[in-house]
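A.B. asks: Structure here, sequence nowhere to be found:
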């Protein structure tokens, strides 16, 4: 499949925006996947290509966070291995299990996350109390979130960041840094499966990947500088945006209701 240059140029711009959003709060796939479907890729090929471009962005962000001391690989070995395994299993499951159940459930979980951060304005500003051991956290979220990211993906960054803040007591800057390392692991595992299956369009993936490298570097630098002041509002915004997108896919009338509410509020 050959894409015209103007389409590739647009995909580069989308990749840059997705890389910025992904490096801060997660949710870049909300931009990347619809763009690839619009470009004419099949759903499975679009998902595989999203993993290619997303891997470039998460690599850029994770490397930047590690280089600036926001995460330590030595302490993450166990959870990285489990996340790799979960990501590979999730990518395999795409061909055998319908994601419709997750498509209906995830919006409500993301709304809960948005409300959680909205009602707790100081959440993640400073280190908190640990509520779960490292290995229990790795077994639960490494396998579970790795599988989810490989199988479906929307909102994975928000889920990871919330888990790190709520269960391990990290501030939002450190939580985001660790999230990107684990996103990289699950993306690499899922990408390997999609490559073996031949479900990646290299031209689109590489062009968007270059945009992701740029956007992720810009976003991760801003997180290191601003911390929770940037991450918290973006987690709320992205969680609500993904929820609206997934709900409107299943129930198109929701967009009409949202438009009516917006019109009433604007009066």
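C.D. replies: The structure has been received and is ready for your questions. Not measured: the values here are computed from a predicted model. Numbering: from 1, shown residues only.
A.B. asks: ok, the nearest residue to residue 82 once chain neighbours are set aside - contacts?
C.D. replies: Once flanking residues are discounted, residue 82 sits nearest to residue 142: 3.1 Å by Cβ to Cβ, 6 or more residues apart in numbering. In short, each C-beta sits where N, CA and C put it, glycine included. Applying Cβ atoms under 8 Å, 6 or more residues apart in numbering, we find residue 142 in contact with 78-83, 85-86, 182.
A.B. asks: which of those residues count as buried?
C.D. replies: 79-80, 82-83, 85-86, 182 (16 or more other Cβ atoms under 10 Å).
A.B. asks: Closest one of those to residue 146?
C.D. replies: residue 86 (2.5 Å; Cβ to Cβ).
A.B. asks: pretty sure that closest one is in contact with residue 151, am I right?
C.D. replies: No: Residue 86 is not in contact with residue 151 according to Cβ atoms under 8 Å; the separation is 9.0 Å.
A.B. asks: any idea how far the residue nearest to residue 82 is from residue 83?
C.D. replies: 5 Å (Cβ to Cβ, to the nearest Å).
A.B. asks: Overlap in contacts, the two.
C.D. replies: residue 182.
A.B. asks: wait, doesn't residue 20 sit right on residue 215?
C.D. replies: Yes: Residue 20 lies in contact with residue 215 (Cβ under 8 Å); the separation is 3.8 Å.
A.B. asks: which of the two has more neighbours?
C.D. replies: residue 215 (28 against 25; other Cβ atoms under 10 Å).
A.B. asks: Please state the backbone phi and psi of residue 225?
C.D. replies: Backbone torsions of residue 225, given as degrees, to the nearest 10, read phi -80, psi -40.
A.B. asks: Look up how far residue 182 lies from the residue nearest to residue 82.
C.D. replies: Distance from residue 142 to residue 182, by Cβ to Cβ: 7 Å.
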